[in-house]
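*Asks:* Provided below are the primary sequence and the corresponding predicted coordinates.
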Amino acid sequence: QVQLVESGGGLVQAGGSLRLSCVASGRSVSSYAMGWFRQAPGKEREFVAGITYNGGTTSYANPVTGRFTISRDNAKNTVYLQMNSLKPEDTAVYSCAANTLNSVAIITTPHSYSTWGQGTQVTVSS
């Protein structure tokens, strides 16, 4: 069984950067597509970025395209989200998720992901 733990969140001023990490334990996630999602207060969870099992394909939500970069290091069983040019509207709890039934397709709907981390808070001040 896979466990996911996120880290790297915090408080940052608008225009700043953060790098989130998602470390998997229990078993390797190297054969799974992975995703980052976020949920702001009073809003539904939304897709942020996804990556295929080998990192060959990535996908981003429109609001973060050009500012965020998802990557993975399968040797470290870790997925990253580099966030640059942060905006106050990026404030949310960010969670990583594993799509244990899929390696090569990036799914943007949360219910397709079976394993979730607890999330890390990102707050961007104006």
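*Replies:* Nice, thanks for sending it over.
*Asks:* how far is stretch 64-77 from where the chain is centred?
*Replies:* Taking the mean C-alpha point of stretch 64-77 and that of its whole chain, the gap between them comes to 8 Å (CA atoms, centre = their mean, to the nearest Å).
*Asks:* This protein: strands as residue ranges?
*Replies:* Here the chain has its strands, by DSSP state E, at 3-7, 10-13, 18-25, 33-39, 46-51, 58-60, 68-73, 78-83, 92-99, 115-116, 120-125.
*Asks:* residues contacting residue 18?
*Replies:* Neighbour list for residue 18: 8-10, 12, 83, 86, 122 [criterion: CB atoms under 8 Å, 6 or more residues apart in numbering]. Backbone N, C-alpha and C define where each C-beta goes, glycine included.
*Asks:* With residue 56 instead?
*Replies:* Contact analysis of residue 56 by CB under 8 Å, 6+ apart lists nothing.
*Asks:* Contact partners for residue 101?
*Replies:* Contacts for residue 101 were tallied using CB under 8 Å, 6+ apart; they are 112, 114.
*Asks:* what about it, distance to residue 112?
*Replies:* Residue 101 sits 8 Å away from residue 112, taking CB to CB, to the nearest Å as the criterion.
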